[in-house]
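**Q** no sequence on hand, only this structure:
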DNA sequence: TGAATAGTAAGTCATATGCCTAAGTAATTT
DNA sequence: AAATTACTTAGGCATATGACTTACTATTCA
């Protein structure tokens, strides 16, 4: 399995949960501490920390300790592999559409 | 949890596996039977069928039985919710960037 | 210095996931 | 009609996931 594929695995896995997507939405307003981030979620802190770990392991966020406070931030371009994959998928689909359109045009040329 | 969020859960979950992404890539060339699709994968048929079910439950493909053969096809626009979410996320990030740039401009105005 | 705050580590539980094999059913071919 | 093909169902196994509670450590505040 290529690195790219493994990367996509962990990114999509990280995104496959509403809590984690909500965290990314919050972080798009700027860096925040774990405590700040956790305010909007009705779950135990260790559970919430687990989600942050998943996001960091997927490369979507970074975190750094400042004293007793851990600050999390979005990683710009973190979702680039997702965009890349969507584009790839779309190109293949578009390629097939163009082939189909070309075939239609030929059929029309030969048609009565 | 909104329908949209649940939808994203199952789509991202479906995409969080290299086998399922590879199936989507294959189907972007056009509809195919289960047997045709499974040729490229070194796994037991029931396991492979499980992946197809996940893709179908996520709304990314459709399948229809024709006699004893089941034909699978991509659903156009199936990935629209993913694009939508990325756009949303990007807009929030861009909005913050613009706010940041505006703040910088103000600082420069007031600066010596 | 003790109290409070902000995480962190460990263990548990129920459920989900990704694979397997075996056996079965339905449709087609011989 | 029997054999073959193309799935489909069921059960099992090991691992992962998402939540919990408890207890702990590190840092800051009073």
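**A** Arrived safely, thanks for sending. Predicted, not measured: the structure shown is a model, and the values here were computed from it. Numbers count the residues shown, from 1 in each chain, chains lettered A, B, ... in the order given.
**Q** so where is chain A shaky, pLDDT-wise?
**A** Along chain A, the model assigns pLDDT under 70 to residues A:1-3, A:97, A:99-100, A:103-112.
**Q** helices of that one, start to end?
**A** A:3-15, A:18-27, A:34-38, A:45-57, A:80-110 (DSSP state H).
**Q** adding mean neighbour count and distance to residue B:84, write the ones you listed out as JSON lines.
**A** All C-beta spots, glycine's among them, are computed from the backbone N, C-alpha and C. Below are these laid out as JSON lines (neighbours: other CB atoms under 10 Å in any protein chain shown; distance: least, CB to CB, whole Å):
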{"stretch": "helix A:3-15", "mean neighbour count": "18", "distance to residue B:84": "13"}
{"stretch": "helix A:18-27", "mean neighbour count": "19", "distance to residue B:84": "12"}
{"stretch": "helix A:34-38", "mean neighbour count": "16", "distance to residue B:84": "23"}
{"stretch": "helix A:45-57", "mean neighbour count": "16", "distance to residue B:84": "20"}
{"stretch": "helix A:80-110", "mean neighbour count": "13", "distance to residue B:84": "11"}
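**Q** okay if I get those as TSV plus distance to residue A:70?
**A** Formatted as TSV, the helices of chain A follow (distance: least, CB to CB, whole Å):
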stretch	distance to residue A:70
helix A:3-15	18
helix A:18-27	13
helix A:34-38	5
helix A:45-57	8
helix A:80-110	25
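**Q** among these, which comes closest to residue A:73?
**A** With distances scored as CB to CB, the stretch of the helices of chain A nearest to residue A:73 is helix A:18-27 (6.4 Å).
**Q** give the other helices and strands that that closest one contacts.
**A** If contacts are counted by 3 or more CB pairs under 8 Å, 6 or more residues apart in numbering or on different chains; DSSP states H and E, helix A:18-27 sits against helix A:3-15, helix A:34-38, helix A:45-57, strand A:61-66, strand A:69-74, helix B:3-15, helix B:80-110.
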